[in-house]
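>>> Sequence first, predicted model second:
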Amino acid sequence: MAQPVKSPRTPPVEPQESAGSRRAAAQRLSMRRKLAAAAMELFATKGYEATTVDEIAAAAGVARRTFFRHFRSKEEAIFPDHDDTLVRAEAVLEAAPAHEHPLDTVCRGIKEVMRMYAASPSVSVERYQLTREVPTLREREIASVARYERLFTRYLLGHFDERAHRDGDDDPLLAEVAASAVVTAHNHVLRRWLRSGGQGDVEAQLDHAFAIVRDTFGTGIGAGRPASSEREPAVSVSTAGEVLVTVARTDAPLREVMRTIEQALKDK
């Protein structure tokens, strides 16, 4: 018996849910930006200390409870995009190709942060000027930067051989320093761009800064590990009659594996 054919007009459940989630996320971000714009305008005209949450909500045309569904405090309101940008940066790390150097992946991840600022140069410049004047806002910005740094440090550490984390191994140190260097390079370029009024190709400037970071740290990772002669061999071979058994570490270079096998065959 022929099976009934479903109408092509009926969309699968999963895409519907995905589309609904995207719409909800877009609406959430739109409201956060609306509240942020109202907050920044009031901070600029009335001053940060004199502005209340009720005034921000009223200026945005929403109730006080709506404000607190999106932000925990008024200082948090001028950073509406950081949460979503952190999610995008994390998605870059998770989708990284296996052949890519982890430091290159981190550099691509933090570009999401720069794009957030570059999407609205005038707003970013105004926010930068405001954070220079209000210590509380500056502290909030520092806390946001720390979240990115922790994300990138965890990623770099996760790509090192955990078995090699012992005395004399500098990879954990290099991971933290490299992550800090990536964030510092980003912040240096961003501040310079903001001080110029948001002029110039900020992504090209960032690429130049990242090239310096990669040249400095990209080849140093692993330099502090003991020499292969001082640790467990990467490849070992045993023979039993006509059978050759090879055991190799997953991080052993292929040429070393082949050289060991060739030598074992010659010695038979």
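Nice, thanks for sending it over.

>>> okay, P4: pLDDT?
Listed pLDDT for P4 reads 38.

>>> And for G218?
67.

>>> now do the one 10 residues further on
The predicted local confidence for S228 comes out at a pLDDT of 38.

>>> any idea how far V202 is from G109?
16 Å (CB to CB, to the nearest Å). The way it works is simple: take the backbone N, C-alpha and C, and place the C-beta from them, glycine included.

>>> hmm, I was thinking of E55
37 Å.

>>> If you count surrounding residues, which of the two has more?
G109 (23 against 15; other CB atoms under 10 Å).

>>> quick one: low-confidence parts of this protein?
1-17, 160-169, 171, 218-268 (pLDDT under 70).

>>> Could you chop it up by domain?
Here the domain parsing of the chain from automatic domain parsing is 24-75, 81-224, 234-267.

>>> Could you export those domains as CSV, including distance to S18?
Conversion of the domains of the chain to CSV gives the following (distance: least, CB to CB, whole Å):
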stretch, distance to S18
domain 24-75, 11
domain 81-224, 15
domain 234-267, 36
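
>>> What strand or helix carries the closest residue to K46 other than its chain neighbours?
Among residues not flanking K46 along the chain, E55 sits closest, at 7.7 Å (CB to CB, 6 or more residues apart in numbering). E55 is part of helix 53-60 when elements are defined by DSSP states H and E.

>>> Could you check that helix and say which residues are buried?
Judged by neighbour count (16 or more other CB atoms under 10 Å), helix 53-60 contains these buried residues: 53, 56-57, 59-60.

>>> how far out from the middle of the chain is the following helix or strand past it?
For helix 53-60, the following helix or strand on the C-terminal side (DSSP H and E) is helix 64-70. Averaging C-alpha coordinates over helix 64-70 and over its chain gives two centres that are 28 Å apart (CA atoms, centre = their mean, to the nearest Å).

>>> Assign the nearest residue to H186 once chain neighbours are set aside to helix, strand or coil.
Leaving aside its sequence neighbours, H186 sits nearest to I110 (CB to CB, 6+ apart; 5.0 Å). Taken by DSSP: H, G, I helix; E, B strand; the rest coil, the conformation at I110 corresponds to helix.

>>> Verify the stated contact: I110 with Y148.
Yes. Counting by CB atoms under 8 Å, I110 touches Y148, with 6.5 Å between them.

>>> who touches both of the two?
Common neighbours of I110 and Y148, counting by CB atoms under 8 Å, 6 or more residues apart in numbering, are 89, 183.

>>> okay, now R32: neighbour count?
R32: 21 neighbours (other CB under 10 Å).

>>> Quickly find the element holding it.
Counting by DSSP H and E, R32 is found in helix 13-46.

>>> Run through the neighbouring helices and strands of that helix.
helix 53-60, helix 64-70, helix 121-133 (3 or more CB pairs under 8 Å, 6 or more residues apart in numbering; DSSP states H and E).

>>> list the contacts for the residue nearest to H186?
89, 148, 152, 182-183, 186.

>>> Would you format those residues as a markdown table with neighbour count, secondary structure and distance to A96 included?
Shown next, in a markdown table, are the contacts of I110 (neighbours: other CB atoms under 10 Å; DSSP: H, G, I helix; E, B strand; the rest coil; distance: CB to CB, whole Å):
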| residue | neighbour count | secondary structure | distance to A96 |
| --- | --- | --- | --- |
| A89 | 23 | helix | 11 |
| Y148 | 24 | helix | 16 |
| F152 | 28 | helix | 12 |
| V182 | 25 | helix | 14 |
| V183 | 22 | helix | 18 |
| H186 | 23 | helix | 18 |
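
>>> I'd assumed A57 was in contact with A63.
Yes. Using CB under 8 Å, A63 is in contact with A57, at 6.2 Å.

>>> Could you report the separation of the nearest residue to K74 once chain neighbours are set aside from V183?
When the adjacent residues along the chain are set aside, K74 lies closest to V53, with 5.3 Å between them (CB to CB, 6+ apart). As defined by CB to CB, V53 lies at a distance of 31 Å from V183.

>>> got it, and A175?
13 Å.

>>> Equivalent analysis for A19, please.
For A19, the distance to V183 - CB to CB - is 34 Å.

>>> quick one on the thing from earlier: turn the helices and strands packed on helix 13-46 into a markdown table, including distance to A26.
Shown next, in a markdown table, are these (distance: least, CB to CB, whole Å):
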| stretch | distance to A26 |
| --- | --- |
| helix 53-60 | 17 |
| helix 64-70 | 14 |
| helix 121-133 | 18 |
